[in-house]
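J.: Kindly return the folded structure for what I paste below:
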Amino acid sequence: MAGTDRHDAPVELDGSEGEGGGQILRSALSLSLITGRPFHMRNVRANRQPPGLRPQHLACVRGAEAISGGRSEGAAVGASELRFEPGPVRPGDYVLEVGTAGSTPLLFQCLFYPLALAGGGSLTLRGGTHLPHSPSYHYVVGVWLPVVKAYGLNAALRLVHAGFYPQGAGEFIAEVEPVRDPPDRVDLPSRGTLRDIAVGSFVGGLPFGIAERQSKAAVAALRERGIYSHAENRPLPVTHSVGTVTFIMAQFENTIAGFTSLGKRGLPAEDVGREAAEEVARFMESGGALDEHLGDQILLPAALLAAGKLGASSPGTTRYTTARVTDHLTTHAWLIERFLPVRVTVEPGGAVEVAPA
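T.: You can find the predicted model right below:
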C-alpha cells in the first residue's frame, strides 16, 4: 500500500514555505515513501538558524533510505537543497541512530506511517526522547498514539533509556502493526467534559526529590485554577543523560490532550511543574477539541484516510477543532495537498476539515 502512486516528475517543494522548518522535510519524506513520488526541495529549513539540514534531519533522510532502499542527492549537514527518490518500503526490523540530542519521537512519526502501510515492522531508535521543540516520548504514547489508533493504525512502544538535551543517549523500541480496518469518518468537534487530569513527574539520573517538587507545584497550580488532579512521580532509566520532565495528560469525554515541560540547568523544579500546569490552563480557556500540537499531527493520518490509503472508507472525512491555528498546521496542510488528492480546510477559528479532493 505504501509507494504505489508513481509519477515521473518529482514534487517541487520550497522549504521556506510557511513555518519553514524541519517539519516540511520530515513530512515530505513520509509522504514520498507512502506515495512513491520523489521530491526536490529547495531552501531546506530556510526560516531556522542555522538554516539547511542539521544532523537530526539528516537522520530522517537516512531512515527513509533504510526502510525503502531509496536514494537522495544533497543529503549533507548544512545543505539547502535535497532530492529524494523512494523505493518500495520493506517490512522489517530497523535500528536507527538520530545522534546525541536528535529527536527519536520525530523520526518515529516520520517512518511510522510508511512502515505500517507496508505491513509493519520494528524500529529501534536511539537519540533524544525528551527534548525541546519536539513531542516527548510520553506525549507520543499517551496522546498521539491513542488518536492514530482511531484510524486503524497502532504500535507498541517501550522506553529503554530516556535521553535528555544535550547528551541524548536515549532509546525506545516501536513494534509497528499493519494497518487495520479504517473508520468511515473521524469527528472531533468538541472535547466534552473533563474526566481526569494526571500529572506525571519524571527524573533521570537526578535526585528523586526533584520529581516530587515538580508534581507538587503542578498540582497546586492546577488547584488554584479550580482544576483537580492526581500525581505520580517516577524515575526514568538513563545511561549518561540526565534530566527531568513534567507531563500532564488531560482526558476529556471525546479527546485527550498532553502538556510537557522540561527541566533545565538553573530552572527550579517548581517552575517546571508550574509551566506544564499553565499550558493546561491555557488549553482549558480555548475552545479546541485538540491541543495545538495534536491539531497539526493528526493531519497526516486524516489525509491518508481521505486519500483511501488506509483502505476503503466513505466519506473518509475528518473534522475537528484545534486550540490554535499555527504556522505548523497551515504549512502541513499545504504540503499534504502537494502529495495527496485531498482538500484541507482550516478556518481562522480553529475548525479543520480533511476530505477527498
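J.: Going by C-alpha atoms from here, please, whenever you check contacts or count neighbours.
T.: OK.
J.: quick one: buried residues of stretch 175-195?
T.: Using 16 or more other CA atoms under 10 Å as the burial criterion, the residues of stretch 175-195 that qualify are 175-179, 182-186, 188-191.
J.: Closest to Lys264 out of those residues?
T.: Glu175 (31.2 Å; CA to CA).
J.: hang on, the earlier thing: mind giving me CSV with the buried residues of stretch 175-195 and columns for distance to Leu82 and pLDDT?
T.: Putting those into CSV (distance: CA to CA, whole Å; pLDDT from 0 to 100) gives the following:
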residue, distance to Leu82, pLDDT
Glu175, 30, 98
Val176, 28, 98
Glu177, 30, 98
Pro178, 30, 97
Val179, 30, 96
Pro182, 34, 94
Pro183, 36, 95
Asp184, 37, 95
Arg185, 36, 95
Val186, 35, 96
Leu188, 37, 94
Pro189, 38, 90
Ser190, 40, 94
Arg191, 40, 95
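J.: Going by distance to Gly204, which of those wins?
T.: Glu175 (24.3 Å).
J.: Isn't Tyr204 up against Thr246?
T.: That one is not Tyr; residue 204 is Gly. No. Here Gly204 lies out of contact with Thr246, judged by CA atoms under 8 Å, at a distance of 11.9 Å.
J.: what's the pLDDT at the residue sitting furthest away from the middle of the chain?
T.: Farthest-out residue of the chain from its mean C-alpha position, per CA atoms, centre = their mean: Glu224, at 30.8 Å. pLDDT, Glu224: 97.
J.: Which of the helices or strands spans Leu159?
T.: strand 155-161 (DSSP states H and E).
J.: buried sites along that strand?
T.: For strand 155-161, by 16+ other CA under 10 Å, it's Ala155, Leu157, Leu159, Val160, His161.
J.: now stretch 264-283
T.: The neighbour-count check on stretch 264-283 (16+ other CA under 10 Å) flags 269-281, 283 as buried.
J.: that older thread, more neighbours: Gly204 and Thr246, which one.
T.: Legend: neighbour count by other CA atoms under 10 Å for Gly204 and Thr246, higher for Thr246 (27 against 23).
J.: How about the contacts made by that one?
T.: By CA atoms under 8 Å, 6 or more residues apart in numbering, Thr246 lies in contact with Val199, Gly200, Ser201, Phe202, Gln214, Ser215, Thr260, Ser261, Leu262, Val272, Gly273, Ala276.
J.: Dump the residues you listed into JSON lines; add secondary structure and distance to Ala28 as well.
T.: Shown next, in JSON lines, are those (DSSP: H, G, I helix; E, B strand; the rest coil; distance: CA to CA, whole Å):
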{"residue": "Val199", "secondary structure": "strand", "distance to Ala28": "35"}
{"residue": "Gly200", "secondary structure": "strand", "distance to Ala28": "33"}
{"residue": "Ser201", "secondary structure": "strand", "distance to Ala28": "34"}
{"residue": "Phe202", "secondary structure": "strand", "distance to Ala28": "34"}
{"residue": "Gln214", "secondary structure": "helix", "distance to Ala28": "38"}
{"residue": "Ser215", "secondary structure": "helix", "distance to Ala28": "38"}
{"residue": "Thr260", "secondary structure": "strand", "distance to Ala28": "26"}
{"residue": "Ser261", "secondary structure": "strand", "distance to Ala28": "28"}
{"residue": "Leu262", "secondary structure": "strand", "distance to Ala28": "29"}
{"residue": "Val272", "secondary structure": "helix", "distance to Ala28": "34"}
{"residue": "Gly273", "secondary structure": "helix", "distance to Ala28": "35"}
{"residue": "Ala276", "secondary structure": "helix", "distance to Ala28": "31"}
